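A.B. asks: Predicted model and sequence follow; I will ask about them next.
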Amino acid sequence: MSYTGDVRVGGPPDVLELPSITVVKLAVGPMDNNAYLLRCRRTGGVLLVDAAGEADRLLALVDEYAQGRLDRVVTTHRHPDHWGALAAVVSATGARTAAGEPDADAIPVRCDDRLVHGDSVPVGETGAGAARLRVVSLVGHTPGSVALVAEEAEPEPHVFTGDSLFPGGVGKTHSPADFTSLLGDVERELFGRLPDATVVHPGHGKDTTLGAERPALPEWRARGW
């Protein structure tokens, strides 16, 4: 199960209806970043993955799909194209902020929740029944890059990977050691723990599945990027 459209910068959002959450995808900014608005279907809680750019369009998305409510913004990693609108979005909504602990101080907006591997982040409210996302640390693209796994988003898990995993390979790294770390984490924590049907929602471009990418893992390791 995935989006029906091809989301592009300046274009309309695309909506994915799952049993536990609604996901609204919008491409923003000069680097065609994906921002994902998640709404818990049980509690109405709302979370944004990456306030990447174009605050006005992101706030309009919050107004249209969440009646102006935004409880939390999670930044997948420290690179500026993933937090360019964060200050404006937080100022307008009062949302809490979260990021991987090693990247938190490199993001020039307050960080309310410093995430570590294995944390559970509610989609909105913290009470009983709220949909939750499991935090997966994927070290290599940056020291504090995180993915967010919605394991109860039936009929298959969904994972929001930032710049750590795309169709066709892992994210950019700056040294062989970083590449080895990132690919190792991705293989162990995503390909090793989640089913092939898992839908991957990357920080740029189209979604894919772990099953579609798994056959290429040896090729990625051999080429070194």
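C.D. replies: Here it is on my side, so go on. Residues are numbered from 1 along each chain as shown.

A.B. asks: what bridges to the spatially most central residue of the chain?
C.D. replies: Central residue check for the chain by C-alpha atoms, centre = their mean: the C-alpha nearest the mean position is that of residue 160, 3.5 Å away. For residue 160, the residues forming beta bridges with it (DSSP bridges) are residue 148, residue 201.

A.B. asks: List the contacts of it.
C.D. replies: With contacts defined as C-beta atoms under 8 Å, 6 or more residues apart in numbering, residue 160 is in contact with 36, 49, 76, 133, 147-148, 150, 201. All C-beta spots, glycine's among them, are computed from the backbone N, C-alpha and C.

A.B. asks: need the residues you listed in CSV with pLDDT, can you?
C.D. replies: Rendered in CSV, the data for the contacts of residue 160 read as follows (pLDDT from 0 to 100):
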residue, pLDDT
36, 98
49, 98
76, 98
133, 97
147, 98
148, 98
150, 95
201, 98
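
A.B. asks: Give the other helices and strands that the longest helix along the chain contacts.
C.D. replies: Across the chain, the longest stretch assigned as helix under DSSP state H is helix 55-66. Helix 55-66 sits against strand 21-28, strand 33-40, strand 46-49, helix 86-93, with contacts defined as 3 or more C-beta pairs under 8 Å, 6 or more residues apart in numbering; DSSP states H and E.

A.B. asks: Given the shortest one, what are its sheet partners and their directions?
C.D. replies: Strands that pair with strand 46-49, judged by DSSP bridges, come out as strand 33-40 (antiparallel), strand 72-75 (parallel).

A.B. asks: Buried ones in the longest helix of the chain, by neighbour count?
C.D. replies: When burial is assessed from 16 or more other C-beta atoms under 10 Å, helix 55-66 yields the following buried residues: 55, 57-59, 61-62, 65-66.

A.B. asks: Out of the residues you listed, which is nearest to residue 109?
C.D. replies: residue 55 (12.0 Å; C-beta to C-beta).

A.B. asks: returning to what we had before: among the helices and strands packed on helix 55-66, which is the most enclosed?
C.D. replies: Each of those was scored by mean neighbour count; the highest is strand 46-49, a mean of 27, by mean count of other C-beta atoms under 10 Å.

A.B. asks: which residues touch that strand?
C.D. replies: Among residues not part of strand 46-49, those counted as contacts by C-beta under 8 Å, 6+ apart are 35-40, 58, 62, 66, 69-74, 76, 89, 95, 121-124, 133, 148, 160.

A.B. asks: from the chain's centre, how far out does it sit?
C.D. replies: Averaging C-alpha positions (C-alpha atoms, centre = their mean, to the nearest Å) puts strand 46-49 9 Å from its chain's average.

A.B. asks: Likewise for stretch 206-221?
C.D. replies: Distance of stretch 206-221 from the chain centroid (C-alpha atoms, centre = their mean) equals 18 Å.

A.B. asks: First-to-last residue distance for that stretch?
C.D. replies: End-to-end distance of stretch 206-221: 22 Å, with C-alpha to C-alpha, to the nearest Å as the criterion.

A.B. asks: Tabulate the buried residues of helix 55-66 in a markdown table, adding columns for pLDDT and distance to residue 170.
C.D. replies: A markdown table is the format used below for the buried residues of helix 55-66 (pLDDT from 0 to 100; distance: C-beta to C-beta, whole Å):
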| residue | pLDDT | distance to residue 170 |
| --- | --- | --- |
| 55 | 98 | 29 |
| 57 | 98 | 29 |
| 58 | 98 | 27 |
| 59 | 98 | 32 |
| 61 | 98 | 28 |
| 62 | 98 | 31 |
| 65 | 97 | 31 |
| 66 | 97 | 32 |
